[in-house]
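Chemist: The following block contains a protein sequence and its predicted model.
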Amino acid sequence: MSQWLPYLQFATALAAECSQYAVTQFRLHPAQRKRDGSLVTATDLAVDRLISTRLNAAFPEHAVLSEEQTTRYDAGAAFTWVIDPIDGTTNFARGVPVWGVSVALLHHGQPVVGVIDFPLVQEQFTAMAGAGAWRSGEPIRTYDGDEIGDEQLLMKCTRTDRLLQINTKLKTRICGSAAYHLCKVADGTALAGIEATPKVWDFAAAWLIIVEAGGVITSWQQAPIFPLPPVSQEYGAEPTPVFAAANSAIMREFVAGITPRTP
């Protein structure tokens, strides 16, 4: 049995509890704009507090890195939980059912457990380091072909086209949740995904899900994203552009067709 299994079981139950609470609040709270320009609802804050309370009770020695509370990474902590209480806040506030609760556990900056629960589309994605990835309990794998065609999909965020010029045969889909976009690469629905301005809590769990499903996920510089640098620092200010693909061959062809837009 993997040493990470108890943490995966805890994270799975926690994400399910929080997502079911969020369902009861769906469409009830308008979104407010934060100082950084992103959106937040009362449910984001409530779920964030609930997760922190559960984690502090179960693992008082662990650190928490969270979108709505603690955005500074403590490199001195062996274990850090990375939380996005509602990924897809705009969808949540406006009544679009694609949103979820994301919970990841890092060990010395490296994801070892990832869980993202999308209750209204009835999909829960989980992964454990060295053990694989699952969608609602069934194993998943990324697409194993090496050709890009116009019958295949690219998942991307709304900001992508403002920052990048993309030349690809792939058909675009924008669902409004960074985590969901990346999970759809992990389960083979899409060949590639781009998130132009995500924060670490948007993709920590999804990163592990993609990797354990056989995919690749990197920064724009094609540099590894994890482990996080062993330095305590603030992660609330700067986004990390993320590129995901089903496999290395797809990534090479896909990235070759991307150029940054000039300001």
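Modeler: Yep, that arrived. Numbering: from 1, shown residues only.
Chemist: use CA for all of it now, contacts and neighbours both
Modeler: Noted.
Chemist: what about the strands in the stretch 151-263 of the chain?
Modeler: 153-156, 164-166, 171-173, 192-195, 216-219, 233-234, 242-245, 258-260 (DSSP state E, counting those that start in this stretch).
Chemist: export the ones you listed to a markdown table and tack on mean neighbour count and mean pLDDT?
Modeler: A markdown table is the format used below for those (neighbours: other C-alpha atoms under 10 Å; pLDDT from 0 to 100):
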| stretch | mean neighbour count | mean pLDDT |
| --- | --- | --- |
| strand 153-156 | 24 | 98 |
| strand 164-166 | 15 | 93 |
| strand 171-173 | 15 | 97 |
| strand 192-195 | 28 | 97 |
| strand 216-219 | 22 | 95 |
| strand 233-234 | 12 | 95 |
| strand 242-245 | 27 | 96 |
| strand 258-260 | 13 | 91 |
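Chemist: Let's have those in a markdown table, adding distance to Thr53.
Modeler: Converted to a markdown table, these look like this (distance: least, C-alpha to C-alpha, whole Å):
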| stretch | distance to Thr53 |
| --- | --- |
| strand 153-156 | 33 |
| strand 164-166 | 40 |
| strand 171-173 | 36 |
| strand 192-195 | 30 |
| strand 216-219 | 31 |
| strand 233-234 | 22 |
| strand 242-245 | 30 |
| strand 258-260 | 42 |
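Chemist: Between these, which one is closest to His181.
Modeler: strand 153-156 (5.4 Å; C-alpha to C-alpha).
Chemist: Can you pull out the low-pLDDT segments for the stretch 1-150 of the chain?
Modeler: 1 (pLDDT under 70).
Chemist: in it, which spans are strands?
Modeler: 32-33, 39-40, 63-66, 72-73, 79-87, 100-107, 110-118, 123-128, 132-135, 138-139.
Chemist: need those in TSV with mean neighbour count and distance to Pro6, can you?
Modeler: Output for those, formatted as TSV (neighbours: other C-alpha atoms under 10 Å; distance: least, C-alpha to C-alpha, whole Å):
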stretch	mean neighbour count	distance to Pro6
strand 32-33	12	36
strand 39-40	19	31
strand 63-66	25	17
strand 72-73	20	23
strand 79-87	27	14
strand 100-107	28	12
strand 110-118	28	10
strand 123-128	26	10
strand 132-135	22	15
strand 138-139	12	19
